[in-house]
Each structure stands twice: as structure tokens, then as C-alpha cells.
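Peer 1: Next input, structure requested:
(chains A and B)
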Amino acid sequence: MYEISKVNEIKSSKSYKLLWLILSALVVAVFLLSLTVGKYQVGTFEVCQILFQKIVPFERTWSPLAENMILQVRLPRILAAMVVGAALAVSGAVFQGIFRNPLASPYTLGVSNGAGFGAALAILMFNSSYAIQSFAMLFSLVAVGLTFLLSYKAKNSTITLVLGGIIVGSLFSALISLIKFVADPFEKLPAIVFWLMGSLASLNVDLFKTSLLFFIFFIGIIWLYRWRLNVLSLGDEEAKSFGVDVRRDRIIIIICCSFLTAAAVSISGIIGWVGLVIPHIGRMLVGPDFRKLLPVCILLGSAYLLLIDDLCRTLMTVEIPLGVITAIVGTPLFAYFMLSEKVNW
Amino acid sequence: MEIKAANLAFHYKNGPEIFHDISFKVASPNVFCILGPNGTGKSTLLKCLINQFAPTKGLVYYNGRPVQNYSTKELAAHVAYIPQMHVPTFPFSVLDVVIMGRTAHFGYLAAPGKKDTMIALDNLDFLGIIHLAAKPYTNISGGERQLVMLAAALAQQPQILLLDEPTAHLDFGNQYRFLQMVKTLKDKGVGIVMTSHYPDHALEVADYTAVMKDGMFVHFGKPDEVISEKNMEELYDIPVKIIALSGNVKKSCIAGV
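Peer 2: Alright, predicted model coming up:
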């Protein structure tokens, strides 16, 4: 038998305790910072007092307006940004892994265009955020279903899945254009365009609360598959000979990720680049092992999208769409990865 | 464990027949080596044996049970297979890749434990590549990677090992070491089915050899009988001499004499 001491030697060369500590501290810091920034000024100390008043009673030195601002306005939006960021980062990491394609994203299977079409249709026909969100969810799943059907009827390989996603995505993208074309240019069209660019400004708090369990459930299932994800990202043939039922496990995982993405999209609209950039940063920090990569993606994704959302609501007097900033920040980052050969392509 | 192929034939959808009427029976710990020119269907045959492809005719049996009746996990716990080419994407550590070979031996949603790590390290040690354990397997040479995949297959603790041209990327020394390893595995009771381009390798380690040409076994039997000058000349269409070294203990096949 190989000596235990040498095992520990190999393992201890990669100790990530400090990294976990730094990342967790980063998330907490960004969280507190986000509660304080905004047009209405509330100090960090006051924010902490307001947050902990239910557990530790403080003497009320702050105005009811401040408390309302923090708990009813900022907190839900901040939590939503974090959850959406984590969900997009996790599903990006998983899609890149199982497609063995560093350019795969949560939207690879046509999810975003399907959701975009659903939302545009709902904006055109109704005027309720519930309708928008449920249509977005419904059509993103319809898109994934169509992609699967196409791939299944063809050769049922990883490549036909990605190609199917492109085909289905293009179809829905054309349908989105059609809806934009017929939409009322003064009222409906701006709403559609704004939704397609992604935003948390008009967050429906009740809907977010109900979908929170949904997020936890699907991220939980993906976490259970962490080791199988490693084996799957080695290659279909290899995974199968190692005893993984590739077809079944891949479908289960893709369904979970699609639901996760659809839930994120139905809350925030379409936000690109998070699911592409964060998994790459995660892999640079801890490598491709999903047992470490998933938690890192959750922490980084939530902190990243939260910071971006802070920029969106403070940079200008009007809100900037989230998707715009994630792209402006994401593209140079990605270009840097490519040019500095930080990633193994 | 015994592997039996009965009248196997295979063709791709709407494609020509790759091979036909392939039948054989090998039980562990025997070594069975399949020789044949490029493009004769050796790799496809191995893929049928491990149930990656379903043969269009005939059945593959392990211990008398058709391979389709095994779950993927059950099959992997008994039979390991190493494809000829592996294209790596993500920089997993060598150790992690070898531990992946343990997947069939723990629970569906479980992660590997200390025991799996130990078995993986043992096999890296056995193949003499323990020094690679912490390296990313994307940054090692093709030959080293082939040994890593072999270590992963051995970590499966299979009773039968299917190897598709295992020596293709190995240097002269590693080819010899590989053949010695095959002998050690045989002593441990593992059965091996391998394809090869080197008649010498069959002469060195095989108990049975088949010569595959134009999609069928044209010869099958003991390597000494099958690997004759006449058969090899017919197979590869070149002049061949077989010489005996160190008093008939070792034979070698030489081309172009």
C-alpha cells in the first residue's frame, strides 16, 4: 500500500482553506456595501443594527424610512442579484463541463432566446409581471425541449445538442424580432427591449420568495452530482467505461441546469456573460474539480452580479440594464483570459 | 470471468459492413491479442465488446450473460476498457483522473473516499508514474497520458481488461514495461483482450492471437502457430522473417528481409 504520509503531501499542496475564507469574506463585504450604497444614505453600522435587530435588540437610532429602505427595498433586490448570479455561474460551469466546451453557457441550449420570446409575448399580450415570468419560464423550457428533441432524432451526441441549441435559439430570436416589429413602439417595445437586456429594477419580491426554494433545490441536486460531473467532463466514452450511464445522467443534469437558468431568467431577464466568465475564474482558482468549483462559482457568481447590480443602480441617475454592464465588464475579462493563456484551450 | 463473442457483425447506419462472423471465447487470466492492418475494424470490435456500440448481429456474453443485461455500472466493475485516443479538455490532476476509475465501486451520488485514493495511488505506483500524481493530466505527454488512463482502468479492479492499441504512444522502454505489466496482471488473474500492430507483442504475452483482415478473423489460435512468416506476409503484404532469439525463448518478427 502507498504510504499515507505521501497522500497527504500530494493533497496538502492544494489547500484551499485560505481561499474559502477570502471568498466568503468578499461575499459578506459586498453584501454590506450593497446595502449602504444608493441615493438614500444609510451608514454601515446602522445597516448592521437594522439587520440584527430581530436577534439582538438595539435602541432604535435610525429612521423608519431607513429601515424600510434596507429591509423592503434593498435587501430583496440584493438577495435576488446574489441568487441569480450564483445560479447562472453554477449552470455555466456545469454546461461547460458536460459539453466539454469552454464557450458553453447557460444559454447554449436556446434557453435565453426561448425565455426572451416568452417574455416578449407576455409583454405584448398582458401587463403583469407574473405573466412575463411564467411565460419566460415556460418558453425557455420549450426551447430546451425542442433542442433535446432535435438532438435525439439526430445522432444524440454532445455536438448535435449544441447545434440543436443554435437552431432553436435562432428560431426564437427571429420570433422575438417579429414581436418587436409588431409591438407598440411607445409603450410595449421599450418594455420588451429593457427585459431582454436584463434588470432587477422591477423585481417582483413575492415571486422571488417563492422561487427561492426552487433555486436551492436544483443547486442541491447539482451538488449531489458533483463527482459524476467530473467523470462526465472527461469524455462520453471514458465516462461510460468508468460505469456512468452517460445518457441518463446527462439528461438529469441538463434538466436541472435548464430549470435553474429558466428560474434566473424569469426573475432578472437575460443576463449574459456571468455564466461564461465566472466558471473560468473559478477554474483558475481551484481547477476543474466540481467538488471545489461549484462552491467557488456560487460565492463568486453572487458577489459578481451583486457588484454589477450596484453599478447599475448607482452609476447614473437612470438604471442601466444589467446585461449591458455584465457584457462591458465580461468581454475584456474574457479577452484577457484568452490573450494571457490563463486557460487551457 | 469469461468473455464470449458469438457471430458478431457490425455496420453503421446505412454504412458498409465493418466486420462479420466474429466468434471467440477467452477466459481470464488469458491474454488475447488481435492483430490486423489499419482500418480492419479492430477498434469497432472492442467497442462492441464493451457495449459502446450494439453489434448489428450476434451477441457478446460475459460469464454467459449478454452484455446488454449488465447495467453500465455493473459492467464497469468487472470489465475495463481504454479507448485508443483520449482528447483531454479540462486540467484535472492525474490522481483525480485515476480516482475516476473507482466510480463504479461507490454509491450513485457519493464522492470517492480515502480507500479509492489509496487504490488509485497504488496503481500509479504500479505503473511507475506516481511522480505525476499532482500534475494536470493535460500537461503531460501522450504516452504518459496513456499510462494514466491505464492506471484509471486498473483502479476499476476489472476481471477483464480491453485495451485498444495500448502501446501506440509508448516509447521503446515503456512498451517493454507495458508487456511486463500485462504478465503481472495475468498472474493476478486478470484477463486481457488487446489490439496491436506489433506481432512481437502477441508473441511475447498472448495466450491466443487472432489475425483480423477485411472484417473477419482469418486465423485464430496460439501465437506461435498464427504468427507464421506466411500468415504475416499475407496480412501486411510485405516480406517477413521470424527469428528465434535466446534459444527459442523469444521470437521476433522482422519486416522487409
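Peer 1: Which residue lies nearest the spatial centre of chain A?
Peer 2: The centre of chain A sits closest to A:Leu88, judged by Cα atoms, centre = their mean, with a distance of 1.6 Å.
Peer 1: Please, which helix or strand holds B:Gln180?
Peer 2: Assignment of secondary structure by DSSP states H and E places B:Gln180 within helix B:172-187.
Peer 1: Could you check that helix and say which residues are buried?
Peer 2: Applying a neighbour-count criterion of 16 or more other Cβ atoms under 10 Å in any protein chain shown, one finds B:Asn174, B:Gln175, B:Phe178, B:Leu179, B:Met181, B:Val182, B:Leu185, B:Lys186 buried in helix B:172-187. Glycine gets a C-beta too; all of them are placed from N, C-alpha and C.
Peer 1: Of the residues you listed, which ones also sit close to chain A?
Peer 2: Among the buried residues of helix B:172-187, not one lies near chain A by Cβ under 8 Å from any Cβ of the partner chain.
Peer 1: would you list those in JSON lines and tack on pLDDT?
Peer 2: JSON lines is the format used below for these (pLDDT from 0 to 100):
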{"residue": "B:Asn174", "pLDDT": "89"}
{"residue": "B:Gln175", "pLDDT": "92"}
{"residue": "B:Phe178", "pLDDT": "92"}
{"residue": "B:Leu179", "pLDDT": "94"}
{"residue": "B:Met181", "pLDDT": "93"}
{"residue": "B:Val182", "pLDDT": "94"}
{"residue": "B:Leu185", "pLDDT": "94"}
{"residue": "B:Lys186", "pLDDT": "95"}
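Peer 1: hmm, back to that, please see if the host helix or strand of the residue nearest to the centre of chain A touches chain B.
Peer 2: In this structure, A:Leu88 is located in helix A:75-99 according to DSSP H and E. Yes - in terms of Cβ under 8 Å from any Cβ, part of helix A:75-99 sits within range of chain B, namely A:Gly97.
Peer 1: Packing partners of the helix holding B:Gln180?
Peer 2: In terms of contacts (3 or more Cβ pairs under 8 Å, 6 or more residues apart in numbering or on different chains; DSSP states H and E), helix B:172-187 is packed against helix B:142-155, strand B:191-196, helix B:199-205.
Peer 1: Of the ones you listed, which is nearest A:Val27?
Peer 2: Ranking those by distance to A:Val27, with Cβ to Cβ as the measure, places helix B:142-155 first at 36.1 Å.
Peer 1: Give the partner strands of the following helix or strand past that closest one in its sheet and their orientations.
Peer 2: Per DSSP H and E, the first helix or strand lying C-terminal to helix B:142-155 is strand B:160-164. Sheet pairing of strand B:160-164 (DSSP bridges) gives strand B:79-82 (parallel), strand B:191-196 (parallel).
Peer 1: deepest of these, which one?
Peer 2: Counting by mean count of other Cβ atoms under 10 Å in any protein chain shown, strand B:79-82 has the highest mean neighbour count of the strands paired with strand B:160-164, with a mean of 26.
Peer 1: Tell me which residues are up against it.
Peer 2: Surrounding strand B:79-82, the residues in contact under the criterion Cβ atoms under 8 Å, 6 or more residues apart in numbering or on different chains are A:241, B:1, B:3, B:46, B:49-50, B:52, B:62, B:101, B:146, B:149-150, B:153-154, B:156, B:158-164, B:166.
Peer 1: which of the residues you listed are buried?
Peer 2: The neighbour-count test (16+ other Cβ under 10 Å) marks A:241, B:1, B:3, B:46, B:49-50, B:62, B:101, B:146, B:149-150, B:153-154, B:156, B:158-164, B:166 as buried among the contacts of strand B:79-82.
Peer 1: pLDDT wise, what is A:Leu51 at?
Peer 2: Per-residue confidence at A:Leu51 stands at 86 (pLDDT).
Peer 1: Which of the helices or strands spans it?
Peer 2: Element membership for A:Leu51 (DSSP H and E) is helix A:44-52.
Peer 1: Show me what that helix is packed against.
Peer 2: Counting contacts by 3+ Cβ pairs under 8 Å, 6+ apart, helix A:44-52 is packed against helix A:17-36, helix A:64-68.
Peer 1: which non-adjacent residue is nearest B:Ile227?
Peer 2: Spatial nearest neighbour of B:Ile227, excluding adjacent residues (Cβ to Cβ, 6 or more residues apart in numbering or on different chains): B:Pro199 at 4.9 Å.
Peer 1: For the one you found, give me its contacts.
Peer 2: The neighbours of B:Pro199, taking Cβ under 8 Å, 6+ apart as the test, are B:Leu35, B:Ile227, B:Met232, B:Cys253.
Peer 1: Could you dump those residues into TSV and include distance to A:Lys17 and secondary structure?
Peer 2: TSV is the format used below for the contacts of B:Pro199 (distance: Cβ to Cβ, whole Å; DSSP: H, G, I helix; E, B strand; the rest coil):
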residue	distance to A:Lys17	secondary structure
B:Leu35	54	strand
B:Ile227	58	coil
B:Met232	61	helix
B:Cys253	57	strand
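Peer 1: Most neighbours among those, which one?
Peer 2: Neighbour counts for these (other Cβ atoms under 10 Å in any protein chain shown) peak at B:Leu35, which has 28 neighbours.
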